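Undergrad: no FASTA, just this:
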């Protein structure tokens, strides 16, 4: 099977795209602080903001939120904070609640919104 990949993925080079992305001064300070703790966490943090600059990405807000959630998760694990563990019963309750929320949204919002 042949998969068509962009040349930069095959060659290992970075893409030559200049999106004009730049972190604010505050975001740079946070990134630099995270970098002092862990390079990966700093990279995920920057990626959360970088993805927002791609207007062609219809899922950019969800991807950014997921990356920021990952930053907090990585930090809490690295620092030894207790992680929430959910029982199967709580997982089922949460899924049921989310399913009900989706059904309510479908009833309230016009189709295609």
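TA: Looks like it came in fine. Just so it is clear, the structure is predicted and the values come from calculations on it, not from any experiment.
Undergrad: ok, the residue nearest the centre of the chain - contacts?
TA: Central residue of the chain (Cα atoms, centre = their mean): residue 67, 2.4 Å from the mean position. For residue 67, the contact set (Cβ atoms under 8 Å, 6 or more residues apart in numbering) comprises 44-45, 47-48, 51. Using the backbone N, CA and C atoms, a C-beta is placed for each residue, glycine as well.
Undergrad: If we use 6 Å, what do you get?
TA: For residue 67, the contacting residues are 44, 47-48, by Cβ atoms under 6 Å, 6 or more residues apart in numbering.
Undergrad: likewise residue 60?
TA: Residues near residue 60 by Cβ under 6 Å, 6+ apart: 51-52, 54.
Undergrad: pLDDT added to the residues you listed, as a markdown table?
TA: Shown next, in a markdown table, are those (pLDDT from 0 to 100):
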| residue | pLDDT |
| --- | --- |
| 51 | 93 |
| 52 | 89 |
| 54 | 89 |
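Undergrad: Quick one: buried ones out of those residues?
TA: When the contacts of residue 60 are checked for burial by 16 or more other Cβ atoms under 10 Å, the buried set is residue 51.
Undergrad: As CSV, the contacts of residue 60 with secondary structure and distance to residue 71 would be great.
TA: Listed next are the contacts of residue 60 as CSV, based on DSSP: H, G, I helix; E, B strand; the rest coil; distance: Cβ to Cβ, whole Å:
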residue, secondary structure, distance to residue 71
51, helix, 13
52, helix, 14
54, coil, 19
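Undergrad: quick check, nearest of the contacts of residue 60 to residue 61?
TA: Proximity of those to residue 61 (Cβ to Cβ) peaks at residue 52, which lies at 7.4 Å.
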